[in-house]
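Asker: My questions concern the predicted model and sequence given below.
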Amino acid sequence: MLVSGAGVAGLTCAYWLRAAGHTPVVVERAAPGPQGGYGIDLSGSGYDVAGRMGILDRLAARQLRVDSVALVDAADRITARLDRPLAEKMLRGPYLGLMHSTLEEVLATTVEDTVEIRHRQSIGTLRQNDDDVLVAFADGTRERFDVVVGADGVHSHTRALAFGPEPRWARRLGFSMACYPVPDVAGCTDVRAHYTEPGRQTVLYPTDTVGTSVALFLYRSQRHGSIPRTERVARLRAAYRGAGWHTPELLAHAPAELFLDELTQIELPAWHRGRVVLIGDACGALTLSSAQGASVAMAGGYLLAAALAAHPGAHTDAFAAYQARVRPYVAERQRRARRFTRGLVPATRAGRRAQRVLTRLVLRDAAAPLLRFGFGDVGSILPNPSHYPKERQR
Ligand SMILES: Cc1cc2nc3c(=O)[nH]c(=O)nc-3n(C[C@H](O)[C@H](O)[C@H](O)COP(=O)(O)OP(=O)(O)OC[C@H]3O[C@@H](n4cnc5c(N)ncnc54)[C@H](O)[C@@H]3O)c2cc1C
């Protein structure tokens, strides 16, 4: 089996495929080393999969230095605050705040002795027939695989090859985001601070490394497609011209090349075609405002491997079972993420004022069920382990 993409979904899937007795090969476009200089919350299904992989302790030891989320005004006053106990009530369980690169690193070290990962390699073309898939790699080599798993993220190349070009499946939400590391800012070293102006938000949070924080920018935008790396800083500065709070200082730290992308959800009528199947952002990107993309990516990788184990030699049945389990869950979370994003960054001054009043009212224990409804219940979709024959053998 071939897995394209050594991200959260691909590495998790490879781990569980190996555990079920397969010999997966993973190809990863990037060189080895940390990727994804931004924070993620791991909760629900993702937290549960991490538990079943035995990596929770290693992850917990490297959590972000953040204990609460604070909405702040231009003078750095906190207007509303979400502390961990309330967040756990809202999420119906524990969560870990991590750098995305930390999660990938821990997953990679967990599989490195048992799974072959080929870095700086990617799929060039795919040709399927009844018996297998002939893969021509970017370096010109060719190999046959019984199944190809596309785990290569929101702009998946595997998806483009097997299902068609991205615009067919992409729903742009009308927002863009950018992020990069910055030096710690005094007074913002134990909270994730959100500063909102009409149509744009600046977020600042400390990483797991003292001295380094992340600045994240989320703003309403027209569709722009992929912006050349050399133009991104200018575009970001233009979008935040005149912005208050620490924004000018954070923009001054922008590196020459930064991560900037449109918020994009992926919606496909089917997640498998022939012997090719998709997992993670490649088939169900939720966007960062769901705060569940990594968790759902881990769950997808795990549940695909479990379905293949439950349907030996019958990949079509396995793919259908996997899709039936995960796709409705993802569709619901995508719907909630769209609504949540609009509320997170209101377009007008009146909307921002309403947001302040509302957050003061609802960020309290008694409103946990309401918060859960608004944000999305992140309860786990993992079945009881005993449902899965191969897992029972572990
Ligand atoms: C700023 C930001 C904040 C976020 N916050 C959260 C959060 O709080 N909580 C949360 O759960 N999620 C969050 N997410 C989303 C989360 O990071 C993703 O949903 C998750 O990483 C998806 O995992 P994946 O493995 O499907 O894709 P990715 O993590 O994107 O991994 C895809 C991998 O495929 C590789 N690849 C790409 N193309 C190719 C190719 N052609 N050939 C080979 N390899 C290829 C990439 O290099 C990468 O390693 C956030 C995302 C961003 C950008």
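Answerer: Good, I have the coordinates. Numbers count the residues shown, from 1 in each chain.
Asker: Only the buried residues of stretch 336-349, if you could.
Answerer: Neighbour counts over stretch 336-349 (16 or more other C-beta atoms under 10 Å) mark Arg336, Ala337, Arg338, Phe340, Thr341, Arg342, Leu344, Val345, Pro346 as buried. Using the backbone N, CA and C atoms, a C-beta is placed for each residue, glycine as well.
Asker: mind listing the helices for the stretch 101-250 of the chain?
Answerer: Ranges of helices within the stretch 101-250 of the chain are 157-163, 232-239, 247-252, based on DSSP state H, counting those that start in this stretch.
Asker: out of those helices, nearest to the ligand?
Answerer: Closest to the ligand of the helices of the stretch 101-250 of the chain is helix 157-163 (C-beta to the nearest ligand atom; 3.6 Å).
Asker: Could you list the residues of the stretch 151-300 of the chain in contact with the ligand?
Answerer: 151-153, 157, 177, 179, 216, 280-282, 288, 291-295, 297 (C-beta under 6 Å from any ligand atom).
Asker: which ones among those residues are found in strands?
Answerer: Mapping those onto strands (DSSP state E) picks out Met177, Cys179, Leu216.
Asker: Quick check, the last one in contact with Cys179.
Answerer: What that stands for is Leu216. Yes - proximity of Leu216 to Cys179 meets the contact threshold set by C-beta atoms under 8 Å, at 4.2 Å.
Asker: overlap in contacts of the two?
Answerer: Shared contacts of Leu216 and Cys179 (C-beta atoms under 8 Å, 6 or more residues apart in numbering): Tyr38.
Asker: Name only those of the ones in strands among the residues of the stretch 151-300 of the chain next to the ligand that count as buried.
Answerer: Met177, Cys179, Leu216.
Asker: In JSON lines, list those along with pLDDT.
Answerer: Listed next are these as JSON lines, based on pLDDT from 0 to 100:
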{"residue": "Met177", "pLDDT": "96"}
{"residue": "Cys179", "pLDDT": "95"}
{"residue": "Leu216", "pLDDT": "97"}
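Asker: which of those residues lies closest to Pro32?
Answerer: Cys179 (22.0 Å; C-beta to C-beta).
Asker: Name whatever forms a beta bridge with that closest one.
Answerer: Here Cys179 sits in beta bridges with Leu216, Phe259, going by DSSP bridges.
Asker: Need the buried residues of stretch 336-349 in CSV (columns: secondary structure).
Answerer: Below are the buried residues of stretch 336-349 laid out as CSV (DSSP: H, G, I helix; E, B strand; the rest coil):
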residue, secondary structure
Arg336, helix
Ala337, helix
Arg338, helix
Phe340, helix
Thr341, helix
Arg342, helix
Leu344, helix
Val345, coil
Pro346, coil
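Asker: my guess is Gly39 contacts Thr212, does it?
Answerer: No - Gly39 is beyond contact range of Thr212, at 11.3 Å (criterion: C-beta under 8 Å).
Asker: any common contacting residues for the two?
Answerer: Shared contacts of Gly39 and Thr212 (C-beta under 8 Å, 6+ apart): none.
Asker: that older thread, ranking the helices of the stretch 101-250 of the chain by burial, who's on top?
Answerer: Ranked by mean neighbour count, the helices of the stretch 101-250 of the chain are led by helix 157-163 with a mean of 22 (mean count of other C-beta atoms under 10 Å).
Asker: Can you name every helix or strand that that one contacts?
Answerer: In terms of contacts (3 or more C-beta pairs under 8 Å, 6 or more residues apart in numbering; DSSP states H and E), helix 157-163 is packed against strand 123-128, strand 148-150, strand 276-278, helix 281-284.
Asker: Kindly reformat those as CSV containing distance to Arg353.
Answerer: Output for the helices and strands packed on helix 157-163, formatted as CSV (distance: least, C-beta to C-beta, whole Å):
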stretch, distance to Arg353
strand 123-128, 50
strand 148-150, 44
strand 276-278, 42
helix 281-284, 34
